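Student: Have a look at this prediction, sequence included:
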Amino acid sequence: MKLLRSTLLLVSLAVLLVPSLSAADRASVQAILLTASNEQGESDRRLSAYEPTLRRILRFQSYRFVGQGSASVAVPGSGDVSLGRGHHLEVEAERSDGRSLHVKVRWIGEGRTFMNTGLVLRPGVPAVLGGPSTGREDEVYAVIVIGR
């Protein structure tokens with residue numbers, strides 16, 4: 001009877017630990033597509049948490065939310081984040097040390113590659129990628145990338 005209890009306890013612990021071990025080998029990458037312009041006016045409220053960072057890096061007056069997406073990726077491994085308006089990110093997670101996630105990001109839209117870069121993402125800290133013109137005067141696309 002003791003042997004049976006011990007065996008059941010070990011099996012139960014194994015079942016509980018295996019998902020958490022595999023979860024450590026995955027990362028979540030969230031991305032937000034936006035437009036930035038020098039038009040006077042209020043920025044989109046959905047971007048308010050990121051506006052100080054956007055202003056510091058991009059130096060535009062207003063920001064408008066376009067779309068967002070996320071992907072769960074194996075580390076190492078790759079995934080795709082669809083952003084809307086034909087834009088998406090191909091994300092390749094190379095490694096993670098628990099404090100940062102090293103990724104390669106390829107931003108594709110309108111049938112061409114806008115950017116191919118490497119990033120070191122810290123949990124909750126946004127990285128900002130400035131992009132091409134939207135076709136409107138003085139307005140560009142940008143992407144915020146956040147690793148979790």
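Tutor: Arrived safely.

Student: so what's residue 64 up against?
Tutor: 34, 35, 36, 37, 43, 44, 47 (CB atoms under 8 Å, 6 or more residues apart in numbering). Heads up, the C-betas are built off the backbone N, CA and C, glycines and all.

Student: hmm, who's touching stretch 32-41?
Tutor: Here stretch 32-41 makes contact (CB under 8 Å, 6+ apart) with 44, 47, 50, 54, 58, 60-68, 83-85, 87, 130, 134, 136, 138-144.

Student: Could you tell me which of the residues you listed belong to helices?
Tutor: Taking DSSP state H, the ones among these that sit in helices are 54, 58.

Student: Now list the buried members of the contacts of stretch 32-41.
Tutor: The neighbour-count test (16 or more other CB atoms under 10 Å) marks 47, 50, 54, 58, 60, 62-64, 66, 68, 83, 87, 130, 134, 139-144 as buried among these.

Student: how close does residue 133 sit to residue 60?
Tutor: To residue 60, residue 133 is 12 Å away according to CB to CB, to the nearest Å.

Student: which neighbours do the two share?
Tutor: Common neighbours of residue 133 and residue 60 (CB under 8 Å, 6+ apart) are residue 140.

Student: re the thing from before, in strands only, show me the buried ones among the contacts of stretch 32-41.
Tutor: When the buried ones among the contacts of stretch 32-41 are checked against strands (DSSP state E), the matches are 62-64, 66, 68, 83, 87, 130, 139-144.

Student: and of those, the nearest to residue 103?
Tutor: The closest of those to residue 103 turns out to be residue 143 (CB to CB; 12.8 Å).
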